[in-house]
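Trainee: Provided below for reference: sequence and predicted model.
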Amino acid sequence: MKRQLLSGPYLIWMGLFTVIPLVIVLYYAFTDSLTGSFTLKNIASLGTYLPIFLRSVWLSLLSALICLVVGYPVAWTIAQAKPSHQRFFYLLVMLPMCISFLLRTLAWVSLLEDTGIINRLLGSVGIGPLKLMRNNGAVILGMVYNYLPYMIMPLYTVIMKIDPRLIEAAQDLGCDSAQVFRKVTLPLSLPGIVSGLTMVFVPAVSTFYISQKLGGTGSTLIGDVIESQFKAAYNPNLGAALSLALMVLVLICVAVMNRFTGDDESVATL
Amino acid sequence: MRKASKVFTVLVFLFLYLPMLVLAVASFNKGSDPQVFKGFTLGNYAALFRDGVLLPLLLNSVIVALISSLLATVLGTAATLGIQRMKPGLRRFTMALTNIPLTNPEIVTGVSLALLFAFVGQAMKLKSIMGFWTLLIAHVTFNLPYVILSVQPKLLQMDENLTEAALDLGCTPMRAFWKVILPEIMPGVVSGLLMSFAMSLDDFVISYFVYGPNFVTLPVEIYNYTKKPLHPKIYALFTLLFLAILVVMTVMNLLQARDSAKQRGNRLNRSRKRANTELGGI
């Protein structure tokens, strides 16, 4: 028996449940919702959603960058700890992800609301209720909170592997700690940075729950629009066109980010 | 600098665990609003175990997670064995296929499967085929790439000659797999299985598009709940789940730590012994 044949069932499965569904998305995107005939109407109407697309990209890009700035020192600190502690801290980073992200987001709602826990605490020291929720800032907070572990994990993996002798060599050759960071540590952690950015950006740009719960009327994201096309407005053809656009957008972003490392498997290696 | 980054790390961990603290406190709250603590009670936990809705939904989630992760592990491990023997062109194609669900946003995967199932349902002249089977298919599909990515490195690390030797010594390919290959790649298989199980158990986005009213999983129900205020017994359920996961992870961590300490000890002993014999030789 040829061992290659063992991949057969997998290839058939992926054909049936990954490739064909995407072909159907393509089909729906180019057909009319009522008559079922070929049309470019759905694609043409994407233009009206451009501001929402731009907002989704902007908010998730910002979240990814905040995750990087917040996550890098954390990953670095974990990588400096004793090996047995490292494993424990790593688990501590992953553990929140085991609890339903819906509930964790709801917990943020009860923290941030006008009558929420934070505003009650502030109120008790005489600071009047602040508007912490129903704005883009809260959506960014939700994204950063939910996807920060996706940034810390690849960063930690990369930083841990940096040979300490390289840093010592740089120090011996007269680099101060800022130079060591800029010339050695940072370039060597680039693959982790790129895959971290991708791993935060992709789920953030397509989310619909975080924006529904924490955002205001002005923070509708593209995921919200797609969700409502399937669950409320029921226009699967427009929904398919939007999904197609989202998919292309993500593919372009991933391709651009991967150019920075020149390694097209940086996502896959994690 | 080092101290500052330590303090910062602690703050980030507080940030990560703050919502968990809110949920845990809410589970002991007499009132149903997590924002106002009306007094300590264990009533929510009692209500949870009397409740006839949440636990069956959790069971649904566990059933789907268990079957889909097992199926994905079997299919994925077999596929990885085959991929290794493919010609480079075909292998690149297969890995590109594997990357599709990984790079695609979850919502796109969910939507595309929903459209497929709607299509098939129409073709079969049924109103809707959404239910257990569609959920299972969707979960296997998004689990498969993770199994392959965790088994593949182990298989690449393995010495090909071991399989050859087993075959030369008269093993059938099947026996060679059970006796030689599987023990070598086991860590990858297990971590693929665990990862699939965890992701499947907690999946909301994809499930939301392919579930049917006859078979609902816990995350989907929580989403549908949130229009009404949540009953605190949900917080109780998740506090218990959190504690269970914490215990399992800590035990695993301790076992691993002991294991590697033992290995280190063995290595030390061996080198000490070698040093002794060498010294004795002198």
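Mentor: Yep, it's here.

Trainee: my read: A:L148 touches A:Y72, true?
Mentor: No - here A:L148 lies out of contact with A:Y72, judged by Cβ atoms under 8 Å, at a distance of 11.2 Å. No exception for glycine: its C-beta is placed from N, CA and C like everyone else's.

Trainee: quick one: which of these two has more around it?
Mentor: More neighbours sit around A:L148 than around the other of A:L148 and A:Y72, counting by other Cβ atoms under 10 Å in any protein chain shown; the figures are 25 against 22.

Trainee: Can you tell me the SS state at the residue lying closest to A:I117 once chain neighbours are set aside?
Mentor: Taking Cβ to Cβ, 6 or more residues apart in numbering or on different chains, and ignoring the residues beside it in sequence, A:I117 has A:L111 as its nearest neighbour in space, at 5.0 Å. For A:L111, the reduced secondary structure class is helix; criterion used: DSSP: H, G, I helix; E, B strand; the rest coil.

Trainee: now A:L111: how far from B:P34?
Mentor: In this structure, A:L111 and B:P34 are separated by 9 Å, where distance is defined by Cβ to Cβ, to the nearest Å.

Trainee: Kindly report the same for B:A198.
Mentor: Taking Cβ to Cβ, one finds B:A198 at 26 Å from B:P34.

Trainee: Tell me which residues touch B:G43, please.
Mentor: B:K30 (Cβ atoms under 8 Å, 6 or more residues apart in numbering or on different chains).

Trainee: Check it and give its pLDDT.
Mentor: Predicted confidence (pLDDT) at B:G43: the value is 86.

Trainee: Also B:P173?
Mentor: Predicted confidence (pLDDT) for B:P173: 88.

Trainee: That one - how many residues pack around it?
Mentor: The local packing count at B:P173 equals 14, with neighbours defined by other Cβ under 10 Å.

Trainee: B:G192 now?
Mentor: Neighbour count of B:G192, defined by other Cβ under 10 Å: 28.

Trainee: which residues of the stretch 51-200 of chain A fall in strands?
Mentor: Here the stretch 51-200 of chain A has no strands by DSSP state E, counting those that start in this stretch.

Trainee: Close to chain B: what parts of it are there?
Mentor: Residues of the stretch 51-200 of chain A that fall close to chain B, judged by Cβ under 8 Å from any Cβ of the partner chain: A:70-71, A:73-74, A:76-78, A:80, A:84, A:87-88, A:91-93, A:95-108, A:110-111, A:113, A:115-117, A:120, A:145, A:148-149, A:177.

Trainee: for the lengthiest helix in chain A, packing partners?
Mentor: Across chain A, the longest stretch assigned as helix under DSSP state H is helix A:50-80. In terms of contacts (3 or more Cβ pairs under 8 Å, 6 or more residues apart in numbering or on different chains; DSSP states H and E), helix A:50-80 is packed against helix A:83-94, helix A:136-161, helix A:190-205, helix A:222-231, helix A:236-261, helix B:2-27.

Trainee: distance between the shortest one and the chain's centre?
Mentor: From the chain centre to the centre of helix A:222-231 is a distance of 18 Å (Cα atoms, centre = their mean, to the nearest Å).

Trainee: Next, A:T31: phi, psi?
Mentor: Geometry field for A:T31 lists phi and psi as phi -120, psi 160, criterion degrees, to the nearest 10.

Trainee: neighbours of it, just the number please.
Mentor: Each residue near A:T31 was counted by other Cβ under 10 Å, and the total is 18.

Trainee: For it, give its distance to A:I20.
Mentor: Distance of A:T31 to A:I20, given as Cβ to Cβ: 16 Å.

Trainee: Then B:L18?
Mentor: Applying Cβ to Cβ, the value for B:L18 to A:I20 is 43 Å.

Trainee: Kindly report the same for B:F40.
Mentor: Noted for B:F40: a distance of 55 Å to A:I20, by Cβ to Cβ.

Trainee: likewise B:S5?
Mentor: Applying Cβ to Cβ, the value for B:S5 to A:I20 is 49 Å.

Trainee: now A:A107
Mentor: On the measure of Cβ to Cβ, A:A107 and A:I20 end up 39 Å apart.

Trainee: Just want to know which of the two has more residues nearby.
Mentor: When A:A107 is set against A:I20 and neighbours are counted by other Cβ under 10 Å, the residue ahead is A:A107, at 25 against 17.

Trainee: so that one sits right up against B:V22, yeah?
Mentor: Yes - between A:A107 and B:V22 a contact is recorded at 4.3 Å, counting by Cβ under 8 Å.

Trainee: anything in contact with each of the two?
Mentor: With contacts taken as Cβ under 8 Å, 6+ apart, A:A107 and B:V22 have B:P34 as neighbours in common.

Trainee: Can you get me a residue count around B:D51?
Mentor: The number of residues packed around B:D51, counting by other Cβ under 10 Å, is 17.

Trainee: Once you drop chain neighbours, what's closest to it?
Mentor: With sequence-adjacent residues excluded and distances taken as Cβ to Cβ, 6+ apart, B:D51 is closest to B:K233, at 5.9 Å.

Trainee: Contacts only, for A:M160.
Mentor: Applying Cβ under 8 Å, 6+ apart, the residues near A:M160 are A:A79, A:Q86.

Trainee: before we move on, what about B:V64?
Mentor: Applying Cβ under 8 Å, 6+ apart, one finds that B:V64 lies in contact with B:F132, B:L135, B:L136, B:H139, B:S200, B:T217.

Trainee: confidence score at it?
Mentor: Per-residue confidence for B:V64 comes out at a pLDDT of 96.
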